[in-house]
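Trainee: With the input below, show me the fold.
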Amino acid sequence: MPGQACGAIFSGPARGNDRIPSPASGNKVPATINSHRRHVMTQEAPRFAPQTIRPTDEQVAIQLSRDKTVVIRANAGAAKTTTLALRIGEAIARGLPPEHILTLTFTQEARDVLQRRLVEVGIPAATAARLRVATFEQFSIDALETLEQRPVPQIRHIKELKPYVDEALQNASDKYAGKIDYLVSDTSTAGLSQFFHTQLELKATLRLQADLDGLGEDEISDALSVGISTALTITEYEHLRLRSRDRVQFRGPFDATYDLACMLDGDPELRQELPRPRIILCDELHDLNEASFHLLLHMIVPDYTYFIGAGDIDQVIHSRLGASDEFMRSRFVAAFPATATYSLTYSFRHGPHLAYAAGAFKNKAADSVLDLRTDIREVDYGPGGASCAERVVETVRLWTKAGKAAEDCTILVREPYQAIDIENSLMQAGLAYRTLEMPRYLDREEILFLRGMIAIALDDFAATDKARRGPIFDAVATFAEVSFTRDDNVDQMRQAVIDEPVALTWLFTGRVDQRGSKDVRDRVARVIDALIDASRSQAPDLVLGAMRQQLGSLLEFIRSEEESHGDTALMRALAHVDEDVNTLIGYLERSVLVVDAQTLLNMLRNHLLTLLSKLDQVVAGDVKQRMARVIAYMRDAGPDAPAHDVLRHICVLMDIEALAKRLYVHAHEARVVRRSIAGFIKAAEDLRLNLREFSEWIATADRYGSRARQKNCVQLDCVRNAKGKEFGHVILPFLEVDEFPFARADRAEEENLFYVAITRAISALTLVCPSDATLRSPFVDRMQIDRNRSRAELALTRNGQRQAAPARIEFRANGDDWARARKLGAHWDGTRKVFFLVPGQSPEPFKEWIEGGRPV
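Mentor: Residues are numbered from 1 along each chain as shown. Coordinates of the predicted model:
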């Protein structure tokens with residue numbers, strides 16, 4: 001059958017009589033958003049007609065655009081993915097082979113959604129399967145395999161990368177020994193997570209691409225804008241990974257995107273060896289970072305490639321990973337001056353009430369095509385009234401009493417610590433709940449650490465659910481800053497704690513309660529004091545003789561300590577002291593006849609002071625000593641002490657604020673940890689339980705959490721995890737000053753987070769605010785809910801009168817019948833390879849095909 005030349009991919013846009021007009025003028029519409037209106041409207045209709053939807057004018061304009069580079073600014077729920085599918089369908093209908101189309105996404109989930117949308121709009125599954133739909137990372141992996149002509153091992157999980165991080169730490173320690181005072185060497189689960197999160201930031205923003213050769217330690221740190229320890233470890237890790245440009249050893253998460261961007265930046269001619277798609281499409285363009293943007297710059301061939309990217313500039317919430325609205329606002333225009341900007345303002349997720357509220361909050365055009373009333377309800381809490389958590393429980397009950405499914409109700413918190421009161425209230429009310437990506441608060445790392453401390457103090461770790469023993473081991477190791485060496489089989493230790501709960505106490509006594517190292521330090525200090533005192537009153541040669549004897553005694557003590565401690569970290573410290581003292585004794589014996597006694601005494605004192613300084617790093621003010629004091633305090637307090645008093649005193653002894661700042665790279669994360677612990681202590685205080693009762697309550701809560709993994713549970717998650725998802729009813733609690741927007745957080749990103757949160761709702765949104773107007777989040781008033789109510793009612797009426805897309809009549813005709821059907825006025829769908837009749841077109845002339853056994 002006749003086809004269309006591949007070069008004639010797009011034509012000018014057309015307006016259908018039954019499509020939705022442009023948004024009402026109630027919201028401001030920036031000129032750039034409506035730039036598609038400069039295109040002359042033609043009478044040509046789209047060649048691809050979707051089966052189940054009636055596209056809006058905005059979607060048709062994008063479907064038919066002739067522009068080489070297109071940036072689509074879409075509102076939340078505005079069918080970005082569906083619109084890209086329409087554009088793909090149009091290109092195929094005009095004769096472009098599917099193999100010439102590349103669609104890129106940032107996540108596997110987004111990739112799967114796009115593949116489903118292709119079939120849903122009417123592209124045959126067999127045709128859709130010929131399209132290349134990939135994440136940026138998978139595309140980069142495949143491209144690098146072509147360029148490097150060999151596969152490189154891909155390591156997906158950061159735990160499997162731990163040996164390389166350990167080696168990088170060791171190399172950094174060896175390379176910079178004596179040049180810097182302290183190198184952080186934390187490779188616990190949290191430490192690894194922090195390391196790779198920081199590395200991901202550096203790679204996504206291409207800051208790690210900087211030329212660091214010849215720079216000093218401080219200069220490397222300044223160039224990367226991270227701490228010295230992290231900077232040096234990351235650079236050593238990259239040296240391990242990239243032993244040579246053509247022999248990359250392995251790649252972890254996001255490494256392929258970064259490596260390909262760097263490779264093409266260094267040699268743009270390499271792009272000639274990459275696939276050359278005629279059309280490149282990109283979904284969720286607001287997640288674009290510097291590395292993925294550079295890839296696009298190298299892949300878009302001027303005068304050949306069509307690029308279409310869709311995103312929402314108000315959903316940029318990953319700025320720490322390099323996401324920025326500047327890509328959509330100006331970077332594409334700077335790179336491709338003829339870039340056209342289109343808009344998608346109509347929501348296909350929620351009704352006009354929420355669409356107008358979201359538009360008012362962001363001061364942009366927003367509307368809805370749905371005949372759906374999305375109720376927006378405000379409820380208040382305290383002072384003198386119910387708590388926020390109680391209001392949340394009441395809201396859930398109202399929802400379920402109305403016959404709605406509990407699993408269609410989702411509570412979105414700004415930060416995990418806000419879930420503590422809510423989870424406790426849900427449990428007390430007997431309402432089953434489940435968290436989505438966010439862990440339950442009892443499973444957060446800082447809370448698991450406190451649970452481990454309670455278990456050690458009460459010696460009842462056996463009562464802890466077996467599934468949580470391993471995570472508690474990880475948390476105690478992290479917050480106690482336990483250092484594991486290459487010789488340690490950490491997985492074996494962890495499994496021992498899971499199988500034999502008493503092993504957690506062993507971890508404390510062997511790894512944390514390192515009083516033996518303090519004893520050694522005190523012995524060395526006494527030797528130094530004796531040397532100084534003796535030097536004031538005795539001849540140098542007599543002092544040397546006494547020192548020789550004291551050093552020998554110290555050496556015997558050290559070796560007895562080595563034999564009595566099974567802890568590898570302490571053994572290592574003692575071994576260093578053993579070696580240093582033995583060296584001192586040997587030097588004294590060799591030099592006594594050739595170096596004068598006073599010089600030897602001065603050297604001896606300096607060596608011992610250096611040794612003491614090393615030991616001070618191990619014990620003086622060390623967190624392990626604070627841990628020892630914590631356990632001693634808890635055991636002295638006893639099981640009948642009020643749990644909240646004990647936990648509060650633990651935080652003082654541990655100096656939890658300083659510890660959180662040291663463990664977590666970002667100040668915001670450290671603040672969240674502190675608030676999480678404060679919430680946990682408040683929960684203990686509200687329950688009025690002693691330490692043993694509180695431990696038993698935690699065990700009961702664990703069992704409740706396990707039972708709650710059933711269907712028909714209320715859902716609970718963080719706003720940050722909700723982007724790209726939708727829920728029947730969204731409840732937003734703690735909408736108060738310093739909570740949402742979060743204190744000291746970037747205001748622009750807080751606004752985007754709030755916008756993401758409210759636009760997840762389909763049929764209902766509940767805003768839970770303080771009754772005190774001075775404490776109420778300013779974000780709620782910006783939604784102008786009451787002001788837009790009457791306008792939303794009119795829009796509901798408009799949408800109710802709009803006819804649904806009629807089911808089109810399709811049929812097949814072959815051979816000579818093909819030309820006859822076309823002459824009779826049948827329309828050809830080049831994507832589905834079928835004829836169809838448009839609404840209102842009489843089926844009478846086509847009866848022989850429709851009724852002759854060949855309808856579709």
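
Trainee: how about stretch 319-329: buried residues?
Mentor: By neighbour count with 16 or more other C-beta atoms under 10 Å, stretch 319-329 contains the buried residues 320, 321, 322, 323, 324, 325, 327, 328. Where you see a C-beta, it was placed from the backbone N, CA and C, and this is true even at glycine.

Trainee: okay, those in a markdown table with pLDDT next?
Mentor: What follows is the buried residues of stretch 319-329, written out as a markdown table (pLDDT from 0 to 100):
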| residue | pLDDT |
| --- | --- |
| 320 | 81 |
| 321 | 83 |
| 322 | 87 |
| 323 | 89 |
| 324 | 91 |
| 325 | 92 |
| 327 | 94 |
| 328 | 94 |
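
Trainee: how about the helices in the stretch 101-250 of the chain?
Mentor: Along the stretch 101-250 of the chain, the segments classed as helices by DSSP state H, counting those that start in this stretch run 108-120, 125-128, 136-148, 162-175, 189-204, 217-224, 228-241.

Trainee: The stretch 351-500 of the chain now?
Mentor: Going by DSSP H, counting those that start in this stretch, the stretch 351-500 of the chain shows helices at 352-362, 388-401, 419-428, 445-458, 466-479, 490-499.

Trainee: May I see the ones you listed organised as CSV, with distance to residue 641 added?
Mentor: As requested, the helices of the stretch 351-500 of the chain are arranged in CSV below (distance: least, C-beta to C-beta, whole Å):
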stretch, distance to residue 641
helix 352-362, 48
helix 388-401, 26
helix 419-428, 21
helix 445-458, 10
helix 466-479, 21
helix 490-499, 26
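
Trainee: about what we covered before: mind listing which of the buried residues of stretch 319-329 are in helices?
Mentor: Among the buried residues of stretch 319-329, no member is found in helices (DSSP state H).

Trainee: which one is residue 287 nearest to, not counting chain neighbours?
Mentor: Distance criterion C-beta to C-beta, 6 or more residues apart in numbering; nearest residue to residue 287, sequence neighbours excluded, is residue 106 at 4.6 Å.

Trainee: which ones are touching the one you found?
Mentor: 135, 136, 283, 284, 287, 292 (C-beta atoms under 8 Å, 6 or more residues apart in numbering).

Trainee: make it 7 Å
Mentor: 135, 136, 284, 287 (C-beta atoms under 7 Å, 6 or more residues apart in numbering).

Trainee: Check residue 750 too.
Mentor: Contacts of residue 750 by C-beta under 7 Å, 6+ apart are 741, 742.

Trainee: Then residue 603?
Mentor: So residue 603 contacts nothing (C-beta under 7 Å, 6+ apart).

Trainee: Is it in a helix, a strand, or coil?
Mentor: When classified by DSSP: H, G, I helix; E, B strand; the rest coil, residue 603 comes out as helix.

Trainee: out of the helices of the stretch 101-250 of the chain, nearest to residue 262?
Mentor: Across the helices of the stretch 101-250 of the chain, residue 262 has its closest neighbour in helix 189-204 (9.0 Å, C-beta to C-beta).

Trainee: name the helices or strands packed onto the closest one?
Mentor: Helix 189-204 sits against helix 162-175, helix 228-241, helix 290-299, helix 466-479, with contacts defined as 3 or more C-beta pairs under 7 Å, 6 or more residues apart in numbering; DSSP states H and E.

Trainee: what's the neighbour count on residue 304?
Mentor: For residue 304, the tally of surrounding residues (other C-beta atoms under 10 Å) stands at 10.

Trainee: Regarding this structure, what is its longest strand?
Mentor: strand 761-770 (DSSP state E).

Trainee: Please save the CA atoms from that strand in PDB.
Mentor: What follows is strand 761-770, C-alpha atoms only, in PDB (Å, rounded to 0.1, in the frame of the first residue of the first chain):
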ATOM      1  CA  ALA A 761      -5.000  14.100  44.100                       C
ATOM      2  CA  ILE A 762      -7.700  12.900  41.800                       C
ATOM      3  CA  SER A 763     -11.000  13.200  43.600                       C
ATOM      4  CA  ALA A 764     -10.200  14.800  47.000                       C
ATOM      5  CA  LEU A 765      -7.600  16.900  48.700                       C
ATOM      6  CA  THR A 766      -7.500  17.500  52.500                       C
ATOM      7  CA  LEU A 767      -5.300  20.300  53.900                       C
ATOM      8  CA  VAL A 768      -4.600  19.900  57.600                       C
ATOM      9  CA  CYS A 769      -3.600  23.300  59.000                       C
ATOM     10  CA  PRO A 770      -3.100  24.800  62.500                       C
END
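
Trainee: Name the residues that touch the next helix or strand after that strand?
Mentor: Per DSSP states H and E, the first helix or strand lying C-terminal to strand 761-770 is helix 778-782. Helix 778-782 has contacts (C-beta under 7 Å, 6+ apart) with 360, 361, 735, 740, 741, 754, 767, 769.

Trainee: repeat that for 8 Å
Mentor: Defining contact as C-beta under 8 Å, 6+ apart, one finds that helix 778-782 is touched by 360, 361, 378, 735, 737, 740, 741, 751, 754, 767, 769.
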